[in-house]
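K.L.:
Based on what follows, work out the 3D shape:
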Amino acid sequence: MLSKLLPTPSDIPLEQTVSLRENIRMHLFDGSLYVLGMSIVSVQTILPIFIKELGGSPLAIGSVQVLWTIGQNMPSLIIAHYIQRRVLFKPAMVSWGLAHRLMLLVCSIAAYYLVGSISPDVAVPLFLLFIFLIPAIGSFSGLPWFQVFTKTVPVKLRGRLMGIRQLLGSAAGAIGGTIIAFVISSVVFPENFALLFLCAFIVTMASFYFLIQITEQPSPAIRTDIQQLNIIANAKRIIRTDRNYRNFLFADVFLLLSLTASSFYSVYAVEKFSLPPSYAGTFTAIVMITNIAANIVFGIMADTYGHKVNLLVFAACSAGAGLIAIISTNILMYGFVFIFLACAVQLQAISRQSFLAEMCSEQERPLYVGITNSFTAPAVIFGLVFGWMVPSVGYATIFFITTLLAAISFLILYRSVTEPRNNH
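P.N.:
Numbering: from 1, shown residues only. Next comes the predicted model:
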C-alpha cells in the first residue's frame, strides 16, 4: 500500500532503494505520532483555553500564537550558520528533538504542582514562557530535521509524504479530540491540562523512537565561498540577488500576520456562544478531521502542480477563517472557522518550507530557511497588538484585519512569485 502511495522514483539507483524505503517508513511513523502528540496541546485550540483558565487577559491569550511562532522561527538563522558547514545533520536533530519533547513533561509537572499554589500573575507569565520555549527548542531541531528530510526523501515524494504523515496523525487526533473534551470536562483544573501535557509527551517520545532510526548519508563537500562569508553577508547577497525569493518573503510576512488571530478563535467562540471550556476538545476534533481530507488533497496538489498553488490556497483559507468568524450567527456555522484554519495550518506545514527547498541549492538551503524564519517571525509580534486592541475594538475588528492581510498575501503570491519548478 505504502509503495503505491509513495512509489520509488525511477531515477533512484537500485542499491539505494532499500535505504530509501526504510527512511520513508521511519519518517511516516515519526511524523504521524508527532502530529498526534502536538494536537493534544494544540496551539490553536487547547493552549489559548488553558491560558484563559489560568486567568489570562486577552493580551495574554493573543500572546500564545505570537510566542509560539517566534519560538518556531527566531533561532533558525543562528542554527543555519552553525549547520551549513556540517555533512551530517542527524546528531543535532536528535539532541534538540529530545530536549523539545522534554519541555512537554516540564509543562505537565508545572501544571500539576504549581498551578493553584501560585497566583495567576505568576502562573500566566510562567506558562507563556513555556509556550515560547517548546517551539524555540524545537526549532533548533527543526532545521537539521528539514535537512535530513530533504536529503532522504526525493523531491517528488515530499509533498505526499508530508500529507500522509499529517493525515495519519490527524485521523488519530480526531478521536483524540473527543478524549481531550472528556479529560477537560471530567478532570478538575489544573490536573486536566497537566494530564494533556503528559499525554503529549508520551506520544511525542514514541515518535522520537522512529526519528532516531532514520539513516542519513554525508552531504557533499561544502562550497568554500559560502564558508568564508559570514552569515549576514550571505543573507544580504541572497536577498539582493534573488528577486523571486525576495517577493516570497513579503508574501510570507502577510501570511504569518494573517494567522496571528488564531489564538482568539476558540476563546471567542466560548465567550460568544457561552460554551464550556471542554469545547476546546470539540474544536480540536474538527481540526483533526479536516486535516485528514486536507492532507490527501494538498499533498497531491503540491507534488502535481507545485507548492505555489498550495500557498495561494493557504492565503485564501486564512482569509476565510477570519471572515466566517465575523459573520457566524451560531456554533454550527462557526465550526467552519476551524475547518478553514485547519486547512491553512496544514498547507503551511506541507508547502511553506518545501517551497523554499525548491528555490535554492542543498548547500544554501539552511540559510534560506534561516533568513525566512528570522525575517518573518518578528511580524507576528503584531498579535500582541491585537491582544491589546481586543478590549477596545472587539474580536470582529481583529478578524477583519487578518482577512485583509491574507488577501494582500494572496495578491503578492499570485502576481509576483514564480513557481520554482518552472525554472528547471
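
K.L.:
Can you tell me which helices and strands the helix or strand residue 179 falls within packs against?
P.N.:
For residue 179, the host element (DSSP states H and E) is helix 155-186. Helix 155-186 sits against helix 14-39, helix 191-211, helix 279-305, helix 353-357, with contacts defined as 3 or more C-beta pairs under 8 Å, 6 or more residues apart in numbering; DSSP states H and E. In short, each C-beta sits where N, CA and C put it, glycine included.

K.L.:
Quick check, pLDDT for residue 392.
P.N.:
Looking at residue 392, its pLDDT reads 86.

K.L.:
Name the spans of the stretch 201-350 of the chain whose pLDDT lies under the cut-off.
P.N.:
219-232 (pLDDT under 70).

K.L.:
Apart from its chain neighbours, what residue comes closest to the residue most central in space within the chain?
P.N.:
With distances taken as C-alpha atoms, centre = their mean, residue 349 lies nearest the centre of the chain, 5.5 Å away. Leaving out its chain neighbours, the residue that sits closest to residue 349 by C-beta to C-beta, 6 or more residues apart in numbering is residue 166, at 6.2 Å.

K.L.:
what separates that neighbour from residue 376, distance-wise?
P.N.:
22 Å (C-beta to C-beta, to the nearest Å).

K.L.:
Determine which of the helices and strands packed on helix 155-186 approaches residue 177 most closely.
P.N.:
Closest of the helices and strands packed on helix 155-186 to residue 177 is helix 279-305, at 2.7 Å (criterion: C-beta to C-beta).

K.L.:
Can you give me the end-to-end span of stretch 322-342?
P.N.:
13 Å (C-alpha to C-alpha, to the nearest Å).

K.L.:
Could I get the buried residue list for it?
P.N.:
Buried residues in stretch 322-342, defined by neighbour count with 16 or more other C-beta atoms under 10 Å: 322-325, 328, 334-342.

K.L.:
quick check, nearest of those to residue 382?
P.N.:
Nearest to residue 382 among the buried residues of stretch 322-342: residue 322, at 13.9 Å, using C-beta to C-beta.

K.L.:
List the contacts of that closest one.
P.N.:
Applying C-beta atoms under 8 Å, 6 or more residues apart in numbering to residue 322 gives the contacts 258, 261, 399, 400, 402, 403, 406.

K.L.:
Report the lowest-confidence entry in the residues you listed.
P.N.:
residue 261 (81).

K.L.:
wait, isn't it in contact with residue 386?
P.N.:
Yes. Using C-beta atoms under 8 Å, residue 261 is in contact with residue 386, at 5.9 Å.

K.L.:
quick one on the thing from earlier: which ones are touching the residue nearest to residue 349?
P.N.:
Here residue 166 is in contact with 31, 35, 291, 294, 295, 299, 346, 349, 350 (criterion: C-beta under 8 Å, 6+ apart).

K.L.:
and the gap between it and residue 298?
P.N.:
Taking C-beta to C-beta, one finds residue 166 at 9 Å from residue 298.
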